[in-house]
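Peer 1: Fold the following, please.
(2 chains)
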Amino acid sequence: LIYHSLYILKALEFPSGMTRKEQKERTREHLLQTAYQEFAKRGILATKTLDIAQAAGVSHGTLFVHFATRDALLLQVIEDFGLTMGKRLQQLAEQKQGVKATLEAHLAMIRDYEPFYAQLVIEGPLLPPLARYKIFLIQSGIADYLEKAAKLDMAKGLVRRVPLHLMLNTWMGLLHYYLANRDLFAPHQSVLAVRGAELIDHFMNCIKS
Amino acid sequence: MPLKKAEDHSLGNPQAIYCRHCTHPDGRLKSYNQILEETAAYFVLSQGLDPQAARTMTETILSQLPAWRNRSNSSS
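Peer 2: Modelled structure (predicted):
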């Protein structure tokens, strides 16, 4: 009877025959996904670990078994987000040529994750240094593709010769302004879906030869 | 850098744990100082950061990577 009871308890604890390690990994992934959604919905600084634990359906203590601090959880969310963005950008931009096509790929990449990305834009300067630096690492991905595209278009005489960092930062400034104020530029909609084409056309007009 | 494709790895070998930017042509890992200088310079060139800010940022990022996590201040 004792053996049977233990077997039932074990089955309840680890559904579908999962090992303890698999269960732990699943809970960790679930917490990361939930944190990502809560940060996007509530804002990064406004979201408490208790909010994340409750939304994930786990105890507050369980969250700290997986992430020692709130910052550790935030850093992992941004790290995972950066890797996802990098893969998506690679899929979208690898076969593209020229600045305009690269910017279209950039917007398509962000559009899939717009609410969270907008929070990074709005709150980035207020985040811990390492979190902030990881955001700059994410920007390195687009900087790399934009550099290649700009050199190509400059060689063809299609765009003016401007320093890469100014081209990148001018684009980012425009894009991030619309993202940070998305509730005013496109209430209840994707600002990139509504205004993205307009932003690209304007930027291309500014840099054309 | 993220290791997505074979050519991202040192020597184009997917089994290599370091990226091509962090290694010499023969596959040896570059020194900490060389990687620090090159990465900080890239941030200055590509994103226009202040050189000292770019250096501080790179030092912080490198300190999180397995190769440099336990590095003492004096080692290269």
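
Peer 1: give me phi/psi at the residue of chain A found nearest chain B?
Peer 2: Nearest residue of chain A to chain B: residue A:165, at 3.3 Å (C-beta to the nearest C-beta). The way it works is simple: take the backbone N, C-alpha and C, and place the C-beta from them, glycine included. When read as degrees, to the nearest 10, the backbone of residue A:165 gives phi -70, psi -30.

Peer 1: What about whichever residue of chain B sits closest to chain A, how many residues nearby?
Peer 2: Closest to chain A within chain B is residue B:48: 3.3 Å, counting by C-beta to the nearest C-beta. Other residues near residue B:48 come to 15 when the count uses other C-beta atoms under 10 Å in any protein chain shown.

Peer 1: list the contacts for it?
Peer 2: The contact partners of residue B:48, taken as C-beta atoms under 8 Å, 6 or more residues apart in numbering or on different chains, are A:163, A:165, A:166, A:168, A:169.

Peer 1: mind running it again at 7 Å?
Peer 2: Applying C-beta atoms under 7 Å, 6 or more residues apart in numbering or on different chains, we find residue B:48 in contact with A:165, A:166, A:169.

Peer 1: circling back to that earlier point, what about the residue of chain A closest to chain B, distance to residue A:85?
Peer 2: Residue A:165 sits 20 Å away from residue A:85, going by C-beta to C-beta, to the nearest Å.

Peer 1: cool, and residue A:108?
Peer 2: The gap separating residue A:108 from residue A:85 is 11 Å, by C-beta to C-beta.

Peer 1: again with residue A:208
Peer 2: As for residue A:208, its distance to residue A:85 is 28 Å (criterion: C-beta to C-beta).

Peer 1: swap in residue A:100?
Peer 2: Separation of residue A:100 from residue A:85 (C-beta to C-beta) stands at 20 Å.

Peer 1: Around chain A, which positions in chain B sit nearby?
Peer 2: B:2, B:4, B:45, B:46, B:47, B:48, B:57, B:60, B:61, B:64 (C-beta under 7 Å from any C-beta of the partner chain).

Peer 1: which other helices and strands contact the longest helix anywhere in chain B?
Peer 2: Assignment by DSSP state H gives helix B:32-47 as the longest helix of chain B. Counting contacts by 3 or more C-beta pairs under 7 Å, 6 or more residues apart in numbering or on different chains; DSSP states H and E, helix B:32-47 is packed against helix A:129-155, helix A:164-180, helix B:51-62.

Peer 1: who's more crowded, residue A:208 and residue A:85?
Peer 2: Neighbours were counted for residue A:208 and for residue A:85 using other C-beta under 10 Å; residue A:85 has more, 20 against 13.

Peer 1: so where is the chain shaky, pLDDT-wise?
Peer 2: I'll assume chain A. A:1-16 (pLDDT under 70).

Peer 1: could you do chain B instead?
Peer 2: Low-confidence segments of chain B (pLDDT under 70): B:1-5, B:7, B:9-11, B:15-17, B:72-76.

Peer 1: if I look at the residue lying closest to residue B:62 once chain neighbours are set aside, how far off is residue A:69?
Peer 2: Once flanking residues are discounted, residue B:62 sits nearest to residue B:68: 4.7 Å by C-beta to C-beta, 6 or more residues apart in numbering or on different chains. Taking C-beta to C-beta as the measure, residue B:68 falls 21 Å from residue A:69.

Peer 1: Neighbour count: the two, which is higher?
Peer 2: residue B:68 (15 against 10).

Peer 1: residue boundaries of the helices in chain A?
Peer 2: Shown for chain A, the helices assigned by DSSP H span residues A:2-13, A:20-42, A:49-56, A:60-66, A:70-93, A:99-111, A:114-123, A:129-155, A:164-180, A:182-185, A:191-207.
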